[in-house]
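> can you look at this prediction? I've put the sequence above it.
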Amino acid sequence: MLRHLPLILKNSWRNRRRTLLTILSVGVSLCLLGILMAIYHAFYFSEPNASQALRLVTRNKVSLAFPMPQSYREKIRQIPGVQEVGISQWFGGVYIDRRPEHMFARFAVEPDKIFTIHGEMTIPEDQKKAFQQERTACIAGRLLAEKYNWHLGERITLQGDIFPVTLELTLRGVFDHADNPEVLYFSREYLEESLPLGRRGNAGTFNILARSTEDVPRIEKAVDEQFSNSPVQTKTETESAFSLSFVAFLGNIKAFLLSVCAAVTFTIVLVSANTIAMSVRERVREVGVLKTLGYTRGAILGIILGEAVTISLVGGVLGVGLATVLAGVVRHAPAFILQLRMLTIGLPVAALCLLVAALIGLVSAFVPAFQASRISIMEALRKAD
């Protein structure tokens with residue numbers, strides 16, 4: 001087929017408008033397919049970084065909405081392999097109003113522990129000390145601070161909904177964190193003091209830092225066994241699995257992603273098959289001339305298939321490029337799912353997209369190409385007339 005490559009390339013470009021439209025349709029479809037594949041890969045095959053691999057999250061076994069006694073913390077700390085345990089409480093609440101642009105993650109944490117558990121978080125030392133020493137202090141991710149044009153000393157008011165309190169916070173630090181650049185942390189002690197007595201002493205989640213990756217599976221099992229006979233049972237999982245559990249609220253995401261991928265692939269096969277069939281019908285006389293010149297059935301079949309694969313691969317390259325740009329947009333968009341912040345079109349996803357593009361070209365063109373290769377010289381001249 002390589003010796004026919006110049007003819008294949010020339011024939012692929014003979015009807016420029018049709019070729020461009022086919023490339024664009026394949027490119028847009030492969031862009032969507034690439035993003036879906038990247039999401040699937042990020043959710044179910046990506047490896048956590050070194051810091052994430054050491055962290056676990058313990059929550060109420062029934063639901064994340066139900067708290068646990070804060071006394072569980074000391075029992076968890078005594079489990080071999082546990083380096084540190086910190087309480088984290090989702091606050092929710094309202095900042096300015098309930099419009100989507102004013103929504104962001106707000107957590108009550110323990111200032112003396114969060115920087116140990118999230119060791120990759122970077123913040124100036126003076127800002128860290130101010131957060132740890134001042135009861136009403138808070139710190140914000142850099143993207144969040146830039147979004148709302150916050151500066152050090154800024155007064156931030158959060159009106160509670162889950163908790164019946166209004167918190168008056170002062171921004172004392174801006175931190176950099178690749179995984180959580182749009183989150184606000186404030187002192188859990190301040191929240192506890194603001195609550196009625198009956199609402200105190202509870203924890204939303206326990207964030208656990210393991211001493212090594214080998215300790216993680218054992219800690220995960222030991223924590224849940226520790227409270228298996230308690231009134232409030234727990235569920236412990238890695239930080240990545242905990243983040244992915246939010247996706248499960250939407251249903252069977254695996255089936256959804258695979259179904260959409262299959263539908264996109266099937267649709268573009270139909271579009272490409274129709275385009276190739278139209279091209280072959282217009283070239284019946286040309287097929288007869290090629291056979292007169294001595295081209296075999298296999299050569300004609302290879303030329304037509306080569307044209308389809310070439311057009312599909314160009315569309316696939318365009319689709320991978322568009323998907324790469326779109327993945328970058330998704331990475332920098334607000335997202336509570338940790339895996340989406342690492343979304344990228346890696347080499348395996350790109351290779352799979354190009355393989356699908358080649359298969360689309362082969363499958364869509366095989367039937368019309370096979371039929372064209374079987375046409376005899378007399379039949380080709382008769383159909384052309």
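Nice, thanks for sending it over.
> quick one: low-confidence ranges for the stretch 101-250 of the chain?
Applying pLDDT under 70 to the stretch 101-250 of the chain picks out residues 246-250.
> wait, I meant the stretch 251-385 of the chain
251-252, 280-294, 332-339, 341, 372-385.
> swap in 50 and give it another go.
Along the stretch 251-385 of the chain, segments meeting pLDDT under 50 span 384.
> all helices of it, in order?
For the stretch 251-385 of the chain, the helices defined by DSSP state H, counting those that start in this stretch cover 253-281, 284-292, 297-331, 347-374, 377-384.
> next one: the longest one to chain centre, how far?
Same thing as helix 297-331. Here the centre of helix 297-331 is set off from its chain's centre by 23 Å, with CA atoms, centre = their mean, to the nearest Å.
> check which residues of it are buried.
Neighbour counts using 16 or more other CB atoms under 10 Å place 299-324, 326-327, 330 of helix 297-331 among the buried residues. Yep, even glycine has a C-beta here, placed from its N, CA and C like the rest.
> just to revisit the earlier point, which one of the helices of the stretch 251-385 of the chain lies nearest to Q132?
Each of the helices of the stretch 251-385 of the chain has some distance to Q132 by CB to CB; the shortest is helix 297-331, at 30.9 Å.
> quick one: I276 and T310 touch, right?
No. Contact between I276 and T310 fails when scored by CB atoms under 8 Å: they sit 11.7 Å apart.
> the strands in this protein, which residues?
Along the chain, counting by DSSP state E, strands occupy 55-60, 68-69, 82-90, 105-109, 137-141, 155-159, 166-175, 183-187, 202-203, 205-210, 234-238.
> domain assignment for this structure?
2-47+251-384, 67-231 (automatic domain parsing).
> can you list these in JSON lines and add distance to A241?
JSON lines is the format used below for those (distance: least, CB to CB, whole Å):
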{"stretch": "domain 2-47+251-384", "distance to A241": "10"}
{"stretch": "domain 67-231", "distance to A241": "9"}
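> so which of the ones you listed comes closest to E239?
Across the domains of the chain, E239 has its closest neighbour in domain 2-47+251-384 (7.2 Å, CB to CB).
> distance from the chain centre to the closest one, please.
25 Å.
> also stretch 207-216?
Worked out by CA atoms, centre = their mean, stretch 207-216 lies 25 Å from the chain centre.
> keeping just the C-alphas, turn it into PDB.
What follows is stretch 207-216, C-alpha atoms only, in PDB (Å, rounded to 0.1, in the frame of the first residue of the first chain):
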ATOM      1  CA  ASN A 207      -8.200  12.900  57.900                       C
ATOM      2  CA  ILE A 208      -5.500  10.300  58.500                       C
ATOM      3  CA  LEU A 209      -1.900  10.500  57.500                       C
ATOM      4  CA  ALA A 210      -0.100   7.200  57.300                       C
ATOM      5  CA  ARG A 211       3.600   6.700  57.900                       C
ATOM      6  CA  SER A 212       4.100   4.700  54.700                       C
ATOM      7  CA  THR A 213       2.100   3.400  51.800                       C
ATOM      8  CA  GLU A 214       2.400  -0.100  53.200                       C
ATOM      9  CA  ASP A 215       0.500   1.000  56.200                       C
ATOM     10  CA  VAL A 216      -2.500   2.400  54.300                       C
END
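> what are the buried residues along it?
For stretch 207-216, the neighbour count (16+ other CB under 10 Å) marks 207-210, 215-216 as buried.
> now, which of those sits nearest V223?
Looking at these and their distance to V223, the nearest is I208, at 7.4 Å (CB to CB).
> ok, what's across the strand from the closest residue to the closest one other than its chain neighbours?
In space, and not counting its chain neighbours, I208 is closest to L56: 4.3 Å by CB to CB, 6 or more residues apart in numbering. Under DSSP bridges, the beta-bridge partners of L56 are I208, T238.
> which residues does L56 contact?
Taking CB atoms under 8 Å, 6 or more residues apart in numbering, we find L56 in contact with 207-208, 210, 216, 219-220, 223, 236-239, 242.
> switch the cut-off to 7 Å
Applying CB atoms under 7 Å, 6 or more residues apart in numbering, we find L56 in contact with 208, 210, 216, 219-220, 236-239.
> check L191 too.
L191 makes contact with 89, 91, 108, 163 under the criterion CB under 7 Å, 6+ apart.
> likewise for Y40?
By CB under 7 Å, 6+ apart, Y40 lies in contact with L257.
> try it again with 8 Å
254, 257-258, 261 are the contacts of Y40 under CB under 8 Å, 6+ apart.
> quick one, which of the helices of the stretch 251-385 of the chain is nearest to S187?
Among the helices of the stretch 251-385 of the chain, the nearest to S187 by CB to CB is helix 297-331 (30.4 Å).
> by how many degrees do the closest one and helix 253-281 diverge?
Angle between the axes of helix 297-331 and helix 253-281 is 140 degrees (criterion: axes from the mean of the first three to the mean of the last three CA atoms, to 10 degrees).
> picking up where we left off before, distance to T116 for the strands of the chain - can I get that in a markdown table?
Shown next, in a markdown table, are the strands of the chain (distance: least, CB to CB, whole Å):
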| stretch | distance to T116 |
| --- | --- |
| strand 55-60 | 11 |
| strand 68-69 | 21 |
| strand 82-90 | 5 |
| strand 105-109 | 11 |
| strand 137-141 | 15 |
| strand 155-159 | 25 |
| strand 166-175 | 14 |
| strand 183-187 | 14 |
| strand 202-203 | 17 |
| strand 205-210 | 7 |
| strand 234-238 | 18 |
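> ok so, going back, let me know which of the domains of the chain is the nearest to N60.
Nearest of the domains of the chain to N60, taken as CB to CB: domain 67-231 at 5.4 Å.
> now the end-to-end length of the closest one.
12 Å (CA to CA, to the nearest Å).
> next one: it to chain centre, how far?
In terms of CA atoms, centre = their mean, the centre of domain 67-231 is set 24 Å apart from its chain centre.
> hmm, back to that, give me the buried entries from the contacts of Y40.
The neighbour-count test (16+ other CB under 10 Å) marks 257, 261 as buried among the contacts of Y40.
> any chance of the contacts of Y40 in TSV, plus distance to P348?
Shown next, in TSV, are these (distance: CB to CB, whole Å):
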residue	distance to P348
K254	17
L257	16
L258	16
C261	15
